[in-house]
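Peer 1: Could you work out the structure for the sequence below:
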Amino acid sequence: MVSAIVGVVSTVGAILCLRTTELRSDPGCGYKSECEWALGLCAGYMLYDLIHSYNQYGLTGFPTMIIHHVNIFVVFVAGLVYKTGYFYMAAYMTNEISQPFFHL
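Peer 2: Numbering: from 1, shown residues only. Predicted coordinates:
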């Protein structure tokens, strides 16, 4: 249920971010403070899901998913700290709409 909610909210937030001129005019370094809530939500969910997956399956259950979650969390946190790459992070977040369908 958590992934479904985060998937929908992240996707809506990403679409709103991608519609801003600041991000489209400079995809690498474009910055929009209104997008931080959506990017932070996605990073927080990745950390939550990483901890949940580790507690449920351990390191041997899904090693590729662990690498996936750690990678996204680190990149999103670095992007938020250095205020760069918002366009690419928001574009990635549009993929989160598929999350609710994984659990049906």
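
Peer 1: Which secondary structure state does the residue of the chain positioned farthest from its centre sit in?
Peer 2: The outermost residue of the chain, judged by C-alpha distance from the chain's mean C-alpha position using C-alpha atoms, centre = their mean, is T60 at 23.7 Å. Classification of T60 into helix, strand or coil gives coil, according to DSSP: H, G, I helix; E, B strand; the rest coil.

Peer 1: Okay, and the spatially most central residue of the chain sits in which element?
Peer 2: For the chain, C42 is the residue whose C-alpha lies nearest the centre (C-alpha atoms, centre = their mean; 3.5 Å). Here C42 is covered by helix 36-57, with elements defined by DSSP states H and E.

Peer 1: That helix - contacts with which helices or strands?
Peer 2: Contact analysis of helix 36-57 by 3 or more C-beta pairs under 8 Å, 6 or more residues apart in numbering; DSSP states H and E lists helix 2-18, helix 63-82, helix 86-93 as its packing neighbours. For the C-beta atoms, the positions are set from N, CA and C on the backbone; glycine is no exception.

Peer 1: Can you give me the neighbour number for H68?
Peer 2: Other residues near H68 come to 15 when the count uses other C-beta atoms under 10 Å.

Peer 1: Tell me the confidence at the residue farthest from the centre of the chain?
Peer 2: T60 is assigned a pLDDT of 72 by the prediction.
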